[in-house]
Structure formats: structure tokens, C-alpha cells
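1. pasting the sequence and the predicted coordinates here, then a few questions.
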Amino acid sequence: MTPPGSSPPAGGVRFARLAEQIADDLRTRLLVGDLADATELGVEESLRGHYAVSKPTFREAMRVLEAEGLITVRRGAIGGAIVHRPDAEHVAYTLGMALAGRGVSISDVAQALREVEPACAAACAAREDRMQEIVPILTRLHEHSVRVVDNLVEVTALSRMFHETLVDLCGNQSLVMLAGALESLWSSHEAAWANRAAATAEIPRAERLKALDGHRELLDAIAAGDAERARQLSLQHLFVSQIYPNDQTDVLISPASVRSRFTSSSG
């Protein structure tokens with residue numbers, strides 16, 4: 001162990017720098033598109049030979065990328081790794097840890113969504129290709145939600161898909177990442193709420209339909225290309241749809257639930 005105040009051994013510095021350089025190279029190749037999502041990096045021996053480094057150095061580089069959620073390392077005989085392009089789920093996990101460290105409640109996320117999701121709705125309405133790329137997808141989700149309105153867990157999941165899809169299709173990648181991360185945090189909370197509520201309380205069917213009516217009105221505004229109305233309707237709908245899931249304002253954000261959601265989605 002290095003005594004306090006002294007420099008670490010030169011070999012240790014070189015080991016760390018080499019690992020960082022390999023991680024940097026692979027990260028850059030992934031971000032610029034040289035390595036597509038779900039690409040197999042191959043077995044360790046061939047990769048390590050490409051960089052001409054020792055096994056511990058290479059494995060340290062892999063640990064860095066795995067901790068960042070950019071790869072999934074496969075242990076055992078098949079070896080190798082699968083790459084993952086960063087998305088809103090990655091951001092959500094990091095954001096969840098940061099907010100959890102500050103003791104932030106889920107109501108804080110609900111408020112933030114009321115600020116950014118209406119901007120996504122307006123952006124959807126402003127897209128010239130909205131009738132081809134946005135409206136049909138949101139319409140299918142809405143119609144499916146109406147058909148299963150009596151199943152609280154299922155209709156809640158579909159409703160969250162509607163919101164997440166609206167964000168994902170807004171066309172502004174900064175909003176997609178920012179609002180998408182908030183959506184992931186809120187979706188994790190709302191899914192847990194729906195499972196509890198389905199077993200312990202009955203949310204009136206009329207109120208479920210009222211919330212879904214907000215989707216229909218928002219869809220009409222997007223289809224009409226009315227960005228300002230889409231913005232206003234999105235905000236109004238969020239106030240309605242967040243009432244029940246947000247009734248426990250002291251619930252703290254749990255990055256563990258987001259991590260579980262991210263792990264299952266990245267397979």
C-alpha cells in the first residue's frame with residue numbers, strides 16, 4: 001500500500017493509464033457509431049491481442065465500460081462482451097443516484113416532468129412528418145390503453161409507454177435524453193404504485209378514462225400541428241395523471257428500481 005503523501009508506483013500509474021486508454025478508444029468507437037448497439041466485441045484473447053496489453057490491464061478497461069453501462073461482459077466459455085449505445089435509461093440511473101444522494105422525493109421528478117414534457121409535446125406537433133412518424137404510433141398506444149382500461153397495471157404500463165414514446169419522438173435529442181431520464185424515474189415509481197393500488201384500492205373507471213381522454217386531446221393537437229395547444233394540453237394532462245401516483249410525496253427516488261428496469265431492458 002502506498003504511504004500517504006507519496007507517489008504511487010510507476011507500474012500502477014502505467015496500468016491505470018493503459019486501461020483508461022483502451023476504455024477511451026472503445027468508448028469513442030461506440031459513441032461515433034463504429035460499434036453499433038448490440039455488437040459483439042469478441043472473445044477476450046483477440047481483443048487483448050489487438051491492444052497488446054496484459055490480461056489485468058484489459059480486464060480493468062472492461063470493468064470501466066461495464067460500470068458505465070456501455071457493455072455487458074459475458075463470463076465463462078463464450079466470453080466476450082456486448083456493447084450498448086448510451087440512452088435515456090443510462091442517464092436515468094446516473095440521475096437517480098445523484099438525486100437519491102440528495103434525498104430528493106419523487107414529487108420533485110413529477111414537477112420537473114411538468115416543465116419538460118410539454119416542450120416535447122410541442123416539438124412533436126411542430127414536426128412536419130408527425131402524421132407518418134408520430135401520430136400513428138401514439139394512436140395505437142392510446143387505443144390499446146382504452147381497451148385494457150379495467151386492468152390498472154396494464155393500462156398504467158401502456159400510459160407510461162405513451163408518454164415515453166412522445167418524448168422519444170419529439171426530434172430534439174437533448175430533450176429525448178433529459179426528459180427520457182425523468183420519464184424512466186417516474187415510470188419506475190408509477191409501475192410500483194399501480195401494483196400496490198391494484199391490490200389495495202380501486203381507482204374509479206371514470207377517472208382512468210378521464211386521464212386517457214387527455215391522450216386523445218393531445219393527439220388531436222399534435223395531428224393539427226398546434227404546438228402551443230399541445231404544450232398546454234400536455235401540462236393539464238400531467239396534473240391529472242400524476243394525482244394518484246404522487247399522493248405519497250415523501251417517497252424517495254430509488255436508483256435501484258431504475259437499475260433493475262435498465263438491466264431488464266438491455267437484456
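-> Thanks, I have it.

2. next, the buried residues of stretch 194-207.
-> Across stretch 194-207, burial judged by 16 or more other CB atoms under 10 Å covers 194, 197, 203. Backbone N, C-alpha and C define where each C-beta goes, glycine included.

3. over to stretch 23-40?
-> Neighbour counts over stretch 23-40 (16+ other CB under 10 Å) mark 23, 26-27, 30, 35, 39 as buried.

4. same check on stretch 172-188?
-> 175-188.

5. stretch 153-160 too?
-> 154-160.

6. repeat for stretch 107-123
-> 107-110, 112-114, 116-123.

7. still on that earlier bit, go through the buried residues of stretch 23-40 and flag which are in helices.
-> The helices, defined by DSSP state H, take in 23, 26-27, 30 from the buried residues of stretch 23-40.

8. dump the residues you listed to TSV, plus distance to residue 231 and pLDDT.
-> Shown next, in TSV, are those (distance: CB to CB, whole Å; pLDDT from 0 to 100):
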residue	distance to residue 231	pLDDT
23	41	90
26	41	86
27	36	86
30	35	81
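
9. so who does the residue lying closest to residue 47 once chain neighbours are set aside touch?
-> The shortest distance from residue 47 to any non-neighbouring residue, by CB to CB, 6 or more residues apart in numbering, is to residue 41 (5.9 Å). By CB atoms under 8 Å, 6 or more residues apart in numbering, the residues touching residue 41 are 26, 35, 47, 71, 80-83.

10. what's the ChimeraX syntax to select whichever of the residues you listed are buried?
-> A single ChimeraX command is used to select the members of the contacts of residue 41 judged buried by 16+ other CB under 10 Å:
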select :26,35,47,71,80,81,83
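
11. before we move on, back to that, go through the buried residues of stretch 107-123 and flag which are in helices.
-> Checked against DSSP H, these include these in helices: 107-110, 112-114, 116-123.

12. residues near residue 252, how many?
-> 12 (other CB atoms under 10 Å).

13. mind listing what it touches?
-> Taking CB under 8 Å, 6+ apart as the criterion, residue 252 is in contact with 100, 103-106.

14. which among the residues you listed end up buried?
-> Here, 16+ other CB under 10 Å leaves 100, 104-106 buried among the contacts of residue 252.

15. how about residue 51: what's its closest non-neighbour residue?
-> residue 22 (5.3 Å).

16. the one you found contacts residue 63, correct?
-> No - applying CB atoms under 8 Å, one finds residue 22 not in contact with residue 63, separated by 11.1 Å.

17. of the two, who's got more company?
-> Neighbour totals were compared for residue 22 and residue 63, and residue 22 leads with 22 against 14 (other CB under 10 Å).

18. got the ones in helices among the buried residues of stretch 23-40 as a markdown table, with distance to residue 54 columns?
-> What follows is those, written out as a markdown table (distance: CB to CB, whole Å):
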| residue | distance to residue 54 |
| --- | --- |
| 23 | 15 |
| 26 | 17 |
| 27 | 20 |
| 30 | 23 |
